[in-house]
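K.L.:
Dropping a prediction and its sequence here:
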Amino acid sequence: MCGRCCKGICLYIDSKWIKKEKQFIKLTAKYEYLKRFEVCGKTDCNYLKFSCKCLSEAGTCMDYDNRPELCKRFPAPSIFAQNGELPQGCGFRMSTEADFEKILKEAINNEDHYKVDSGPD
């Protein structure tokens, strides 16, 4: 709800990171929702950075009900391909660590998997 994720983002469309404005223009013809983004710079790796034009002064989305899937899924695991960081001050948290309790519970629930079949009776 702070809008930091709407500024200076890289876009990954059709299995490619957008690196050139010409590429972005082609993609906006194919995907209408991309017209809500504008180029705002480049990363050190030469990817284009974008900001959303639907961001209000208060940092909220002015078109929330119609936001694209990439906005709905934020923060997606692909964020780790973008230097592995959430925007500074972002309220979301992500962890790459395995949840031990979850793994243990799954192992206990799948106990039959570990039984040895002694063959036909």
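P.N.:
Looks like it arrived, so ask away. None of the values given here were measured: they were computed from a predicted structure.

K.L.:
how close does the closest residue to I13 other than its chain neighbours get to S56?
P.N.:
The shortest distance from I13 to any non-neighbouring residue, by CB to CB, 6 or more residues apart in numbering, is to L27 (5.4 Å). Glycine gets a C-beta too; all of them are placed from N, C-alpha and C. Distance of L27 to S56, given as CB to CB, to the nearest Å: 25 Å.

K.L.:
now E69
P.N.:
Taking CB to CB, one finds E69 at 21 Å from S56.

K.L.:
Kindly report the same for G41.
P.N.:
Taking CB to CB, one finds G41 at 21 Å from S56.

K.L.:
can I assume G41 is in contact with K7?
P.N.:
No: assessed by CB atoms under 8 Å, G41 is found out of contact with K7, at 10.0 Å.

K.L.:
Give me the more crowded residue out of these two.
P.N.:
K7 (16 against 11; other CB atoms under 10 Å).

K.L.:
Tell me who's in contact with that one.
P.N.:
40, 51-52, 55, 87 (CB atoms under 8 Å, 6 or more residues apart in numbering).

K.L.:
What is the nearest of the residues you listed to I108?
P.N.:
Nearest to I108, judged by CB to CB, of those is P87 at 38.2 Å.

K.L.:
Look up the pLDDT of that closest one for me, please.
P.N.:
Model confidence at P87, expressed as pLDDT, equals 60.

K.L.:
What pLDDT is listed against K22?
P.N.:
Looking at K22, the pLDDT reads 95.

K.L.:
So it: helix, strand or coil?
P.N.:
State at K22, reduced to three classes by DSSP: H, G, I helix; E, B strand; the rest coil: helix.

K.L.:
which stretches of the chain form strands?
P.N.:
12-13, 16-17, 37-42, 48-52 (DSSP state E).

K.L.:
CA atoms only for the longest one - export them in PDB, please.
P.N.:
When you say that, I think you mean strand 37-42. Provided in PDB are the C-alpha atoms of strand 37-42 (Å, rounded to 0.1, in the frame of the first residue of the first chain):
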ATOM      1  CA  PHE A  37       3.800   1.800 -17.500                       C
ATOM      2  CA  GLU A  38       6.400   4.300 -18.600                       C
ATOM      3  CA  VAL A  39      10.200   4.000 -18.800                       C
ATOM      4  CA  CYS A  40      11.900   5.700 -15.900                       C
ATOM      5  CA  GLY A  41      15.500   4.600 -16.300                       C
ATOM      6  CA  LYS A  42      17.900   1.600 -16.600                       C
END
